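In: Quick one, structure for this:
(2 chains)
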Amino acid sequence: MLLYVVKRVIAAIPLIFGLLTITFFIIRMAPGDPASLYLQGNVDPGIADRVRRNFGLDDPLPVQYVKWLKAMATGEFGVSFSKHRPVVDILADAIPNTLILTTLALFLNIALGVLIGTLSAVTRGSWVDNITTVLALFVYSIPEFWLALMLILGVSLHLDLLPAAQMHSPNADQLPLIAYLFDLAKHLVLPVFVLGFASAAATGRYMRGSLLDVIGQDYIRTARAKGLPEWKVVGKHAMRNAIIPVITIVGLSLPFLLGGAVVVEAVFDWPGMGNVLLEAIFSRDYPVVIALTAVSGFMVVLGNLLADVLYAIVDPRIRLE
Amino acid sequence: MMKTPFALSRFISTILPRSMSLIPGFGHLRNGMVKSGLGIFVLYACLLLVALFRFNLFISGLKSFLYSLVLLVVRREEPMQLFRAEIVEHWIASLFLLTLLIAIPIWAYSKSHQRRLTSDDHAVSQVALAWREFKMQRVAVFGLLTILVMYGVALLCPLVAPYDPNALQDPRVTKFQPPFSSVRYLIMKKPRVAAVISSAGELGEGFVNDVIRRLKEANAVLVQSGLEHLLFITEYHVEADYVVATQGKSVLRIPIHDLRGESPRDWEGERFFFLGTDRYGRDIFSRLIYGSRISLALGLIAVLLAVTVGTLVGLLSGYFGGYVDKSLMRFVDVLLAFPNLFFILIIIALFQQLPFPRVFLIVAVLGLTSWMGISRLVRGQVLSLKEEEFVLAARALGFQHKRIILRHILPNALTPIIVNATLRIGGIILVEAALSFLNLGVEPPTASWGNIIYGGKDYLSTAWWISTFPGFAIVLTVISFNLVGDGLRDALDPRIRM
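Out: Just a heads-up that it's a prediction; the model follows:
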């Protein structure tokens, strides 16, 4: 098992390397002088030259490339233009906020997806199955941001049940811990629902297909022949195996823990990575944009790695390859 | 198939004389294809209605196109200034409408007089077979029809859209009108902009000048509808030589001779807003129609781009194997490692200072970030096809790689590519809408479904309709593409057909 993990980690290294390389070239391909990325407005040419020297932009390209790799590896992302804080600090603030949101959404996705998929597979061909099929297609085609807006319109504005934006109420700092958490939970409901619900439709489809494959197998017939009750056949024998491919799919969506919530964060004004990115884009805060590219790419590779390992834990055959 | 019972079919063909089958759709009805017949008839009737209601625009569009063509032939240097986007838009709409009006009756007539294929026909092409299979799936056909109608409307948008999507006219009165509301207006005598195109008088005699004059007249009609000076008001009454009109809280006194015509019948009117207006008083329905062009065109072009690149990479990678394969697939892995929307946003942010409209950047980025899946798919197909005997035979005959790839492998790998591309369009339309919603998509004032929603998101509590309706349009489009994709997959997959 350990050997397998080590192998996977080694395989991920060139991926990160490639990722950083592509990022470097994308940034260099962008129109205009790279120094102008670090400068705003019209500045004295002398200053521009100094910046160029400071950032090593007058070095030959290969040297710059090596320096870039080094800076990324050591996490030297510079200082944000618009907030005048180190980029690392900004990211450190935003990442936990995004993780709360997306982790909960992922759980909702799996729980709801497996439930719907199982229900749909067990009642195959019935009206329950048909309705879930149509619903899944429908949900799959709804733009997330629009669903979010409609929920805000209905739940927050008309019914006034849940807050429409932000992570905390304005006075949240003075609340006792329980009330603070309750306040946070209330703010989480809508964004988590939007994020989890749409992906649950896809997960449910996979679960249904996978469970239908498994239910046709001989050992399921054996289990039935033993006289096991149906819930036990499905719940214990079929689902365990059916869930394996679903885990891969969910594992592949692990990267979206960090990058997948941009739109939803924007609608709900959630202070996470997505909003940091959008703010940085609109204020032309290039150090932040570049750091986010590198970090999110790194997280994707990490997510893939995690999915691989998870897969190996669930399905022992993988390890033996 | 869509056959009605024999008796009904007989009945219809007795009550409809043979000559009636010249009317589009009636031929199908006589042959007993009631649904297709009715569909064709309704479609044609709608097109005729559009042509009638917008007769002036329709004819002027055709005229403008013809004269421009003549000018282009006669004089090379001049007409370049004629190619203005809003005029070309009208040309496309008018020409498309004309083509449809002519082609549909001919097609319907020849179709209904054709010998119909039966299931024991042997010489049926793959395409015909797949189409027959596809037609069995009702929802997929429904999706296809929806898409076709949407593309039709998008092409015809200057003729179909009730008003100019970008006209800002008296926002004080017209802004935030709820759906199904109407606002009254007074028509002023002077056009809004003192006739941009009416320098016709100074032209001399001669054929060319005559053509130019006529062209200018035609173009004036096309543009005029947007130039008419309307004064939107809450209410008004006549006081001696003046009209006293109120716009919200302010009161205007307008001399009657500034208004068009003599009596209230000439100068007053009412504008009906089917889906309401936005914060600038622009008609949401017209903006939806114009906005459809962005989503539909962008989705299609981006997918074509993705399919081209993906197929190319997949073919090369699968066919040549070895180092080509390894390096290309590593590259694909790396690109797949970027989180999609994040990546797209970053590229758009870095490249947003380009000297051309952002639409092109978005098409390029959307196309170039979604080909990886297709290339993996194609590669898999090629790997298995490569081992087939017909490819071995082609190789044994000494054909070049190019010929083997293009003539023997690609056609056999086409089915999954088509299905995948159709299913991908929906996703791309969703991403485009998300970009527009984040205000990083198509630049306003150009309407796109995403930026209409963006424009309404701050007014959810007071004007819910702005953000609501474009969402329905997006959902309908994406669902339709997904339905067609599913239908195609089922129709083209021989395993299911067996």
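In: C-alpha only now, for contacts and for neighbours.
Out: OK.
In: where along the stretch 151-300 of chain B do the helices fall?
Out: Per DSSP state H, counting those that start in this stretch, the stretch 151-300 of chain B carries helices over the ranges B:157-160, B:171-174, B:207-227, B:264-267, B:284-320.
In: Now do the fourth one: everything it contacts.
Out: When contacts are defined by CA atoms under 8 Å, 6 or more residues apart in numbering or on different chains, helix B:264-267 is touched by residues B:Leu186, B:Ile187, B:Met188, B:Leu259, B:Arg260, B:Gly261.
In: Return the member of those residues nearest to chain A.
Out: The shortest gap between chain A and any of these belongs to B:Leu186, at 35.9 Å (CA to the nearest CA).
In: In ChimeraX, select just the buried ones from the contacts of helix B:264-267.
Out: With 16 or more other CA atoms under 10 Å in any protein chain shown as the criterion, this ChimeraX line picks the buried residues out of those:
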select /B:186,187,188,259,260
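In: Could I get the contacts of helix B:264-267 in JSON lines, plus columns for pLDDT and distance to chain A?
Out: As requested, the contacts of helix B:264-267 are exported to JSON lines (pLDDT from 0 to 100; distance: CA to the nearest CA, whole Å):
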{"residue": "B:Leu186", "pLDDT": "81", "distance to chain A": "36"}
{"residue": "B:Ile187", "pLDDT": "81", "distance to chain A": "38"}
{"residue": "B:Met188", "pLDDT": "79", "distance to chain A": "40"}
{"residue": "B:Leu259", "pLDDT": "79", "distance to chain A": "43"}
{"residue": "B:Arg260", "pLDDT": "78", "distance to chain A": "44"}
{"residue": "B:Gly261", "pLDDT": "75", "distance to chain A": "46"}
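In: returning to what we had before: possible to save the helices of the stretch 151-300 of chain B as TSV with mean pLDDT?
Out: What follows is the helices of the stretch 151-300 of chain B, written out as TSV (pLDDT from 0 to 100):
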stretch	mean pLDDT
helix B:157-160	88
helix B:171-174	80
helix B:207-227	76
helix B:264-267	76
helix B:284-320	92
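In: Redo those helices as CSV? Include mean neighbour count.
Out: Supplementary listing: the helices of the stretch 151-300 of chain B in CSV, determined by neighbours: other CA atoms under 10 Å in any protein chain shown:
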stretch, mean neighbour count
helix B:157-160, 23
helix B:171-174, 21
helix B:207-227, 18
helix B:264-267, 14
helix B:284-320, 23
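In: Out of those helices, which is closest to B:Leu69?
Out: Among the helices of the stretch 151-300 of chain B, the nearest to B:Leu69 by CA to CA is helix B:207-227 (10.2 Å).
In: Show me what the closest one packs onto, helices and strands only.
Out: Contacts defined by 3 or more CA pairs under 8 Å, 6 or more residues apart in numbering or on different chains; DSSP states H and E place helix B:207-227 against helix B:55-74, helix B:85-112.
In: Can you name every helix or strand that the last one contacts?
Out: Pointing back at helix B:85-112 there. Using 3+ CA pairs under 8 Å, 6+ apart as the contact test, the elements touching helix B:85-112 are helix B:26-30, helix B:34-53, helix B:55-74, helix B:138-155, helix B:157-160, helix B:207-227.
In: Can you say which of these is packed in most?
Out: Highest mean neighbour count of the helices and strands packed on helix B:85-112: helix B:26-30, a mean of 26 (counted as mean count of other CA atoms under 10 Å in any protein chain shown).
In: next one: that one to chain centre, how far?
Out: For helix B:26-30, the distance from its own C-alpha centre to the chain's C-alpha centre is 29 Å (CA atoms, centre = their mean, to the nearest Å).
In: next one: stretch B:473-484
Out: Taking the mean of its C-alpha atoms, stretch B:473-484 sits 14 Å from the chain's own mean (CA atoms, centre = their mean).
In: near chain A, anything from it?
Out: Yes - remark: stretch B:473-484 sits within contact range of chain A at B:Ile474, B:Val475, B:Val478, B:Ile479, B:Asn482, by CA under 8 Å from any CA of the partner chain.
In: if we can go back for a sec, make TSV out of the helices and strands packed on helix B:85-112 and add distance to B:Ile106.
Out: Shown next, in TSV, are those (distance: least, CA to CA, whole Å):
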stretch	distance to B:Ile106
helix B:26-30	11
helix B:34-53	12
helix B:55-74	21
helix B:138-155	19
helix B:157-160	23
helix B:207-227	29
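In: Please name whichever of the ones you listed is nearest to B:Ser110.
Out: Within those, the stretch nearest B:Ser110 is helix B:26-30; the backing value is 9.0 Å (CA to CA).
In: before we move on, the earlier item: go through the helices and strands packed on helix B:85-112 and name the closest to A:Gln166.
Out: Taking CA to CA as the measure, the helices and strands packed on helix B:85-112 were each checked against A:Gln166, and helix B:138-155 came out nearest at 37.7 Å.
In: Now do the closest one against helix B:34-53, angle only.
Out: Using axes from the mean of the first three to the mean of the last three CA atoms, to 10 degrees, the interaxial angle of helix B:138-155 with respect to helix B:34-53 works out to 10 degrees.
In: Need the residues that contact helix B:138-155.
Out: The contact list for helix B:138-155 (CA under 8 Å, 6+ apart) reads B:92-93, B:96, B:134-135, B:160, B:289-290, B:292-293, B:296, B:477, B:479-481, B:483-488.
In: Can you check what angle separates it from helix B:85-112?
Out: 140 degrees.
In: B:Thr440 in helix, strand or coil?
Out: Careful, residue B:440 is Leu; it's not Thr. Assigned by DSSP: H, G, I helix; E, B strand; the rest coil, the conformation of B:Leu440 is coil.
In: give me the number of residues near it?
Out: Counted with other CA atoms under 10 Å in any protein chain shown, residues neighbouring B:Leu440 total 22.
In: Do you know the pLDDT at it?
Out: Confidence per residue is given as pLDDT, and for B:Leu440 that number is 86.
In: can you pull the contacts of it?
Out: Residues B:Leu345, B:Ile348 are the ones in contact with B:Leu440 under the rule CA under 8 Å, 6+ apart.
In: give me phi/psi at it?
Out: Dihedral pair for B:Leu440: phi -120, psi 10, per degrees, to the nearest 10.
In: The residue nearest to B:Asn219 when sequence neighbours are not counted and chain A: what is the separation?
Out: On the basis of CA to CA, 6 or more residues apart in numbering or on different chains, the spatially nearest residue to B:Asn219 that is not a chain neighbour turns out to be B:Ser64, at 6.1 Å. Relative to chain A, B:Ser64 is positioned 40 Å away (criterion: CA to the nearest CA, to the nearest Å).
In: Can you give me every residue that contacts B:Ser64?
Out: B:Ser64 makes contacts with B:Trp91, B:Leu215, B:Lys216, B:Ala218, B:Asn219, as judged by CA under 8 Å, 6+ apart.
In: Could you save the residues you listed as CSV and add columns showing distance to B:Leu492?
Out: Putting those into CSV (distance: CA to CA, whole Å) gives the following:
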residue, distance to B:Leu492
B:Trp91, 37
B:Leu215, 49
B:Lys216, 51
B:Ala218, 48
B:Asn219, 47
